[in-house]
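*Asks:* Sequence first, then the predicted structure, then my questions.
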Amino acid sequence: MAAASGFQWQQRQLFWGSVQCPASEDLAVQAMGSVLGSCRDDFTGTALQGVLGVVLAPCIFTNVLCLSLLGEILRVIDEAEFTGMSPAPLPSVSCSPLTVAELIPLIPFVLIGIQIRLLYPKGPTYNDSRLRSSGEHRPKAAACAPCQPVKFGPERGTLPSLESGLCHPHPGRWVKVGGAAPGQSLGRAIPLLLASPPSSGLLIAHSVLENNYECLRVLNVERNRNIIYTYKDNKGNVFFGLYDYQTKQNEHLYTFEKDLQVVSCSVNKEKTLLATSLVQAAKEGRSNELQPGSKCLTLLVEIHPINNVKVLKAVDSYIWVQFLYPHVESCPQPKNHLLLLSEEKYIEQFHIQVVQEDGNRVVIKNSGHLPRERIAEDFVWAQWDMSEQRLYYIDLKKSRSVLKCIQFYAEEHFNLMFEAPLDISLSDSGFKLVNFGYSDLQDKEELSEHLTLCVFTNHTGSLCVCYCPNFDSWEQITYSVFYFHKGHSKTFTTTLGSVDSHVTKGITFLNLDYYVAVYLPGHFFHLLNIQHPDLICHSLFLTENSEVIDMLPHSPLQSLSGSLVLDSRSGKLYRVLLNQSYLVEFLRSARLDCERMALLHCALSHGRDPRRLEAKIIQWISENISACHSFDLIQEFIIASSYWSIYPETSNMDKLLPYSSLLTWDTEIPGITLVTEEIPLPLMKVHSFKGYWEKLNSNLEYVKYSKPHLHYNNSVVRREWHNLISEEKTGKRRSTVYVRNILDNATKVISNVEAKNLEPRLTPLFQEEDTHQQLLIGLMVSELREHLLRHLQGVEKKKIEQMVLDYISKLLDLICQILEASWRKHNLHPWALHFNRQASAAEFAVFHIMTRILEATNTLFLPLPPGFHTLHMILGVRCLPLHNLLHYIDHGVLLLTEAAVTRLMKDLDNTEKNEKLKFSIIMRLPPLTGQKICRLWDHPVSSNIISRNHVKRLLQNYNKQPWSSVMDKSSFSVEFLPLNYFIHILTDIESSNPALYAFEGHDNVDAKFVEEAALKHTAMLLGL
């Protein structure tokens, strides 16, 4: 242990010796803090005396600096945990001077580490008083015979750590590596690209790496999110660094003490091997310029510890390298696999087996003969998907472009998954690589020639190819998107309003999960819906006239795997997401229906807090309910929000459930033209699928065989519901078991809605038995369940039943949310439900919104929450004049529910106006309901109606028989023979079968009641 500590102290003493001539005293203090902070865990008394001796010995520092350093030492001593150590006097110990050769390799190492810490913004847990350097320093090992040694610099260690780390999940944290560069940082200069939490802007750009250091450059991002970067010192030495995403630490990997230009670099998952390809700089002073024919050296380096270097290739063409990462969480693998791509248009895979020697020392086994195989030839374009470990490439067959995909697996094998013809010309496009590191060599004109082509996929089984050909002029731009998972392509053409040569450098395609963004800096931004590309209105197109364009970055962006983008001008690496808050803000200010439609769907698809998002959208809808002329806002919101609430359950929902209320869109989108064409589907080359490939194959099968759309609609429910209502009116209803099952379905849905509602409702919904709506809810549950069971293969029946309940519950809950928001906004109170008060402006507004909700749901034949029609009717009576009210009732806008009419009869007195209203409503009621309601109105008119109905029921099966001419006249109060004879007949019928003709619930309705009603009516007509 003592020996180990002593060795580590020697290393740190060497580290400190390299900074004894700092540019400033403050820098020296912080550098000393770094040394002390890193070695305090293994201090011994001797080591501490050595430290103090080094610092307090005669040197070039001033007395003030010595005091500062002593304060730093005492602070570290105070924080450290010392055991068994007694205070000792401070001896004066002199250090042997270091040679220039020992100093030079360490100076850039220290300076870059110090600048990293100084420029890191302070966060809530940040402590900038100490720089740490961790990791075990190992001596150099001798090179093995089969490997060609290459001169390297200091041993592998770790750069000073970033305590909060790059890509930190906490909001508001930015990370900068290196010193400040001229000009503003991207996050400050452009409001649209922001660190979380955002304040405005369509895109959120979480800073993964900001490169302001003049020579620091991002080389690669591996599957485990580790970032590989490089930088040079003033001597041209090349340093390789790695930012570990898990530990939030920067590590120094390797150093070349030569002035070289890095083409490509990759590190294996265990961080034991480093592969890189380099070219020699042309000459001093032009280290960033490459001459044609520069020799490219491809090396494989053992870096755990730094040991041997093997030359894989030494050719006159550029080489790109990439280690495979089959499983991010898998255990260390004894065999590594490395891809090599050559500018000579071939791809090879090396199989590298490693073994452990002398403890943790990892070396290459049989390094002189590494197995390799060629997996592709004669390709003109290739793209690496680091997240999914897929290689896409295009080769030319008889001048025809064919896209192919290779999937790599952990078991040392790979499969060619599909071949897909592309109707594009690449014969003159040169050679192009995408996502094989981020060397500026890929931006050279001889390699790219302005062609832009990217492949994007997502977890739903989508496969998109985005293509933009070479530009002959900047006046008109054409780009195409091949939606292979939908079986068609779309070619877009837009005319640029103005051309600015220093801005328009090239189109950028960005993968944003369910969307692909097409972005030309300073001119247009096109957000393409790849999940539902059929209607152009579901995609957002913004021209240079939009204020949003000015907020987007004007420098070209390079799209990487996942949602990462690299700003090649500033060297910053970002993770880009759609800014949900700004989407809603933009929705409020949008002027075109197509923009509102696209923004609504985009916001709902990226809803990370659905309840809060829905509340904001509902507020906007209530304020702009008549703003859209091309579609119904409420319809679109209810359908889209319900769809996205259940979509994550299974990816096939986009084929089975409606995602929009529109089937067609004929309105042109300003600034862009569109041509849609069918394309050949990819030919799958394997027969067994898992994960993404299973979903993609399912999508392709759907395109092949399901030409009629399988989207659910309520046509069957509409027909069956009307049949049940007709049976109810005629009194001939089918089996009670069938109806009871339907009502039980409705009960489950209503219970589900109420269970998810945690706050008490202001609106009086779900407080009555609305049989008609319950039948509609239950029928929809039954039909939707059968629809999903028929087409969702392999999904448990119980899960499907729950999905159906959740979907229909969501429909009802959204309607309730809209009503709740209206009541809260207008501050309505319970007295709004009474008929004897004058309607206010707030009640007029709520009545209008309820009418629009009714219109939206009737068109799609969607159910409404029980109690909706009662509430609507009550507000209608209060808000509308009589002739308008009756017009609404006659046209089915207002429904005369028993609960509403009952309250009306009880609340209103018998003034002439109210009598007219009551009589008009009673005459429009169904017969059975009318008979019940009439008993609540103590009025001659109601008595007349009751009597008529009673007589009708008694005489409907009456058979005339001979009667005796002798009647007991004493039983009649009035001697009026026709009436007396008629009442005598009714009395005999009632006495012959009282159970058959008893009026349900009203035992006092009999022949005597009819006689009194007839006399009152006659007296009223005669004016007596």
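*Replies:* Right, received. Where do you want to start? Just so you know, these numbers come straight off a predicted model, no measurement behind them.
*Asks:* So which bits of stretch 917-934 are buried?
*Replies:* The neighbour-count check on stretch 917-934 (16 or more other C-beta atoms under 10 Å) flags Leu917, Lys918, Ile921, Ile922, Leu925, Gly930, Gln931, Ile933, Cys934 as buried. From N, CA and C alone the C-beta is placed, and that goes for glycine too.
*Asks:* Out of those, which comes closest to Arg852?
*Replies:* Distance to Arg852, by C-beta to C-beta, is smallest for Ile921 among the buried residues of stretch 917-934, at 23.8 Å.
*Asks:* That closest one contacts Thr902, doesn't it?
*Replies:* No. Assessed by C-beta atoms under 8 Å, Ile921 is found out of contact with Thr902, at 11.1 Å.
*Asks:* Please render the buried residues of stretch 917-934 as TSV that adds pLDDT and distance to Val262 to the earlier fields.
*Replies:* Listed next are those as TSV, based on pLDDT from 0 to 100; distance: C-beta to C-beta, whole Å:
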residue	pLDDT	distance to Val262
Leu917	90	87
Lys918	86	90
Ile921	89	85
Ile922	85	90
Leu925	85	86
Gly930	75	89
Gln931	74	92
Ile933	79	88
Cys934	75	93
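*Asks:* Which one of the residues you listed is nearest to Leu633?
*Replies:* In terms of C-beta to C-beta, no member of those lies closer to Leu633 than Ile921, at 32.2 Å.
*Asks:* got a list of what that closest one touches?
*Replies:* Neighbour list for Ile921: Ile889, Leu896, Val901, Leu904 [criterion: C-beta atoms under 8 Å, 6 or more residues apart in numbering].
*Asks:* wait, the second one sits on Ile922?
*Replies:* No. Counting by C-beta under 8 Å, Leu896 sits too far from Ile922 to count as a contact (9.3 Å).
*Asks:* C-terminal to the longest helix that the chain contains, what's the next element?
*Replies:* Counting residues, the longest helix found in the chain (DSSP state H) is helix 797-826. As assigned by DSSP states H and E, the chain's next helix or strand after helix 797-826 is helix 841-860.
*Asks:* Stretch 744-754: which residues count as buried?
*Replies:* Buried-residue list, stretch 744-754, by 16+ other C-beta under 10 Å: Asn745, Ala746, Lys748, Val749, Ile750, Asn752, Val753.
*Asks:* ok, now how distant is the fifth one from Ala856?
*Replies:* When C-beta to C-beta, to the nearest Å is applied, the distance between Ile750 and Ala856 equals 21 Å.
*Asks:* Same question for the last one.
*Replies:* Separation of Val753 from Ala856 (C-beta to C-beta) stands at 19 Å.
*Asks:* likewise the third one?
*Replies:* Counting by C-beta to C-beta, the separation of Lys748 from Ala856 is 25 Å.
*Asks:* Determine the set of other helices and strands touching the longest helix of the chain.
*Replies:* The elements that helix 797-826 packs onto, with contact taken as 3 or more C-beta pairs under 8 Å, 6 or more residues apart in numbering; DSSP states H and E, are helix 610-623, helix 633-646, helix 736-756, helix 771-791, helix 841-860, helix 868-879.
*Asks:* report the angle between the axes of it and helix 610-623?
*Replies:* Per axes from the mean of the first three to the mean of the last three C-alpha atoms, to 10 degrees, the angle that helix 797-826 makes with helix 610-623 is 50 degrees.
*Asks:* Run the angle between helix 797-826 and helix 841-860 for me.
*Replies:* Computed by the same axes, to 10 degrees, the angle separating helix 797-826 from helix 841-860 equals 150 degrees.
*Asks:* Mind checking the pLDDT average for helix 797-826?
*Replies:* The average pLDDT within helix 797-826 is 94.
*Asks:* just stretch 585-604 next, same as before
*Replies:* If you average the pLDDT over stretch 585-604, you get 93.
*Asks:* next one: stretch 436-453
*Replies:* On average, the pLDDT along stretch 436-453 is 61.
*Asks:* for stretch 544-554, same thing?
*Replies:* The average pLDDT within stretch 544-554 is 77.
*Asks:* buried residues in it?
*Replies:* Applying 16+ other C-beta under 10 Å to stretch 544-554 flags Glu544, Ser546, Val548, Ile549, Met551, Leu552, Pro553, His554 as buried.
*Asks:* How about stretch 671-687?
*Replies:* Of the residues in stretch 671-687, Gly671, Ile672, Ile679, Leu681, Pro682, Met684 count as buried by neighbour count, 16+ other C-beta under 10 Å.
*Asks:* Now it - C-alpha only, CSV.
*Replies:* Output of stretch 671-687 as CSV, limited to C-alpha atoms (Å, rounded to 0.1, in the frame of the first residue of the first chain):
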residue,chain,number,x,y,z
GLY,A,671,-45.4,28.2,-50.1
ILE,A,672,-45.2,24.6,-51.0
THR,A,673,-46.4,22.1,-53.6
LEU,A,674,-46.7,18.4,-53.2
VAL,A,675,-46.6,15.3,-55.5
THR,A,676,-47.5,11.9,-54.0
GLU,A,677,-46.5,8.6,-55.7
GLU,A,678,-46.7,5.0,-54.8
ILE,A,679,-43.3,3.3,-54.4
PRO,A,680,-42.3,-0.4,-54.3
LEU,A,681,-42.2,-1.9,-50.8
PRO,A,682,-38.9,-3.1,-49.3
LEU,A,683,-38.3,-6.8,-49.9
MET,A,684,-37.6,-8.4,-46.5
LYS,A,685,-34.7,-10.9,-46.7
VAL,A,686,-35.5,-12.8,-43.4
HIS,A,687,-38.5,-14.7,-42.3
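*Asks:* Quick check: phi and psi on Leu662?
*Replies:* Leu662 adopts backbone torsions of phi -100, psi 140, taken as degrees, to the nearest 10.
*Asks:* Double-check it against Phe631; I have them as touching.
*Replies:* Yes. Contact criterion C-beta under 8 Å: Leu662 and Phe631 qualify, at 5.6 Å.
*Asks:* Mutual contacts of the two, please.
*Replies:* By the contact definition C-beta under 8 Å, 6+ apart, Leu662 and Phe631 are jointly contacted by Met597.
*Asks:* Cys405 is nearest to which of the helices and strands packed on helix 797-826?
*Replies:* Using C-beta to C-beta, these put helix 771-791 closest to Cys405, at 27.9 Å.
*Asks:* quick one: average confidence on that closest one?
*Replies:* For helix 771-791, the mean pLDDT works out to 94.
*Asks:* try stretch 245-265
*Replies:* Across stretch 245-265, the per-residue pLDDT values average to 91.
*Asks:* Next: stretch 1014-1023.
*Replies:* On average, stretch 1014-1023 scores 66.
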